[in-house]
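Colleague: no sequence on this one, just coordinates:
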């Protein structure tokens, strides 16, 4: 089943009805924690907005998963006030019809265990081994999202994890981050903070990632995506759930992605299935005051000047999905020396092509 990002377009649940979608997921601005996307790029959502959207999900036969998955709680784990606020948040979410919550901290799993909500462990946790999976299952997690930065091309390892736990295993399919990215943990922490009010709007980790792909297009292949055509191989390994992003996408892009993975077929540029694409229908105003406070006048003006380039997800190449047929190695990604292996480089020579220049 698919867990799909919600951009809080109330027509989206109806458009996904009849596909392999189990739930939509998103966050509420009035939750006391934050989540895992910069506040500047996600739709503004109040409790009233959440209640209306959850009703639309329920009408379409879908659940809703409330994200409360920052990896950093600012050393407030012992705060009685925060615990009280979180218990109230969980109770309110239940009253609205929320069916699950995603968390990235053991303390939050323990709090959520006192509710009937399905507890999903975030990809931010970094589950890549049997031991880690068993730890979170023992805490009370129902669904474990694996760290696709590390394991997305390693079906044998994924299979061992699935066999070792009773909890359901989930993998994201279209985030598009670099495999074994050295900035994965700092980026998760940065995203946690940037989801809260007053956060810095710029994301240097995303800029660095894009630069690596611009410098060498083989990095487009060395990413943690899963092709629609390969989905059943992950099912055969024991994966029960697949996560489809991004919350800052247009509804058209989200529906297109779900249909591609539902039909197990995509004939176009694979990059169109990855990361942000289009724009969510309910956008925020540019957080100018936050930019000034964090960056100062000179850097804030530079950010505004460069904003169109920074938020443009396009790259000067396309990745022909039909040319990626043997992307998955039988024994899994060796994960030792990319230059010595050369597999992704060989795939890139046939699958990555210059993007055609639009003629005016």
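Modeller: Yep, it's here. Because the structure is predicted, anything quoted here is derived from the model rather than measured.

Colleague: distance of the closest residue to residue 51 other than its chain neighbours from residue 164?
Modeller: If you skip the residues right next to it in sequence, residue 51 has residue 96 as its closest partner in space, 4.8 Å away by C-beta to C-beta, 6 or more residues apart in numbering. C-beta: built from backbone N, CA, C; applies to glycine. Separation of residue 96 from residue 164 (C-beta to C-beta, to the nearest Å): 35 Å.

Colleague: ok, these two, which is more surrounded?
Modeller: Neighbour count, other C-beta atoms under 10 Å: between residue 96 and residue 164, residue 96 has more, with 19 against 16.

Colleague: so the more buried one touches residue 54, yeah?
Modeller: Yes - counting by C-beta atoms under 8 Å, residue 54 is a contact partner of residue 96 at 5.1 Å.

Colleague: for residue 17, what are its contacts?
Modeller: By C-beta atoms under 8 Å, 6 or more residues apart in numbering, the contact list for residue 17 reads 60, 61, 62.

Colleague: can you pick the most crowded of the residues you listed?
Modeller: Going by other C-beta under 10 Å, residue 62 tops the contacts of residue 17 with 24 neighbours.

Colleague: for it, give its distance to residue 103.
Modeller: 20 Å.

Colleague: circling back to that earlier point, from the contacts of residue 17, pick the one nearest residue 344.
Modeller: Of all the contacts of residue 17, residue 344 sits closest to residue 62, with 36.0 Å by C-beta to C-beta.

Colleague: for residue 7, see how far away the closest one is.
Modeller: The gap separating residue 62 from residue 7 is 14 Å, by C-beta to C-beta.

Colleague: try residue 26
Modeller: Distance of residue 26 to residue 7, computed by C-beta to C-beta: 8 Å.

Colleague: cool, and residue 356?
Modeller: Distance, residue 356 to residue 7, by C-beta to C-beta: 29 Å.

Colleague: neighbour count winner among those two?
Modeller: residue 7 (24 against 7).

Colleague: so after the lowest-mean-pLDDT helix or strand in the chain, what's the next helix or strand?
Modeller: Least confident helix or strand, the chain: helix 288-311 with a mean of 55, by mean pLDDT, DSSP states H and E. Downstream of helix 288-311, the first helix or strand assigned by DSSP states H and E is strand 317-319.

Colleague: list the strands paired with that following strand, with their directions.
Modeller: Next to strand 317-319 in the sheet, as set by DSSP bridges, lie strand 352-354 (antiparallel).

Colleague: state the distance from the closest residue to residue 160 other than its chain neighbours to residue 169.
Modeller: Nearest residue to residue 160 in three dimensions, chain neighbours excluded: residue 130, at 6.0 Å (C-beta to C-beta, 6+ apart). Residue 130 sits at a distance of 11 Å from residue 169 (criterion: C-beta to C-beta).

Colleague: more crowded one of these two?
Modeller: Shown here are residue 130 and residue 169; by other C-beta under 10 Å, residue 169 has more neighbours (23 against 15).

Colleague: so what's the more buried one up against?
Modeller: Neighbours of residue 169 in contact, by C-beta under 8 Å, 6+ apart: 133, 143, 144, 146, 158, 161, 162, 238, 239, 240, 241.

Colleague: so it sits in a strand?
Modeller: Yes - counting by DSSP: H, G, I helix; E, B strand; the rest coil, residue 169 is part of a strand.

Colleague: which stretches of the stretch 201-350 of the chain form helices?
Modeller: Assigned by DSSP state H, counting those that start in this stretch, the helices in the stretch 201-350 of the chain fall at 204-215, 218-221, 231-237, 251-263, 288-311, 338-341, 343-351.

Colleague: residue 226 - how many residues pack around it?
Modeller: Residue 226, neighbours per other C-beta under 10 Å, totals 23.

Colleague: surely it meets residue 170?
Modeller: No - counting by C-beta under 8 Å, residue 226 stays clear of residue 170, with 11.7 Å between them.

Colleague: now do the shared contacts for those two.
Modeller: Jointly contacting residue 226 and residue 170 under the rule C-beta under 8 Å, 6+ apart are residue 242.

Colleague: low pLDDT regions in the stretch 101-250 of the chain?
Modeller: Within the stretch 101-250 of the chain, the stretches with pLDDT under 70 are 198-202.

Colleague: please repeat the previous calculation with a cut-off of 80.
Modeller: Within the stretch 101-250 of the chain, the stretches with pLDDT under 80 are 193-204.

Colleague: try the stretch 251-360 of the chain
Modeller: Residue ranges of the stretch 251-360 of the chain with pLDDT under 80: 277-314, 334-336, 357-360.
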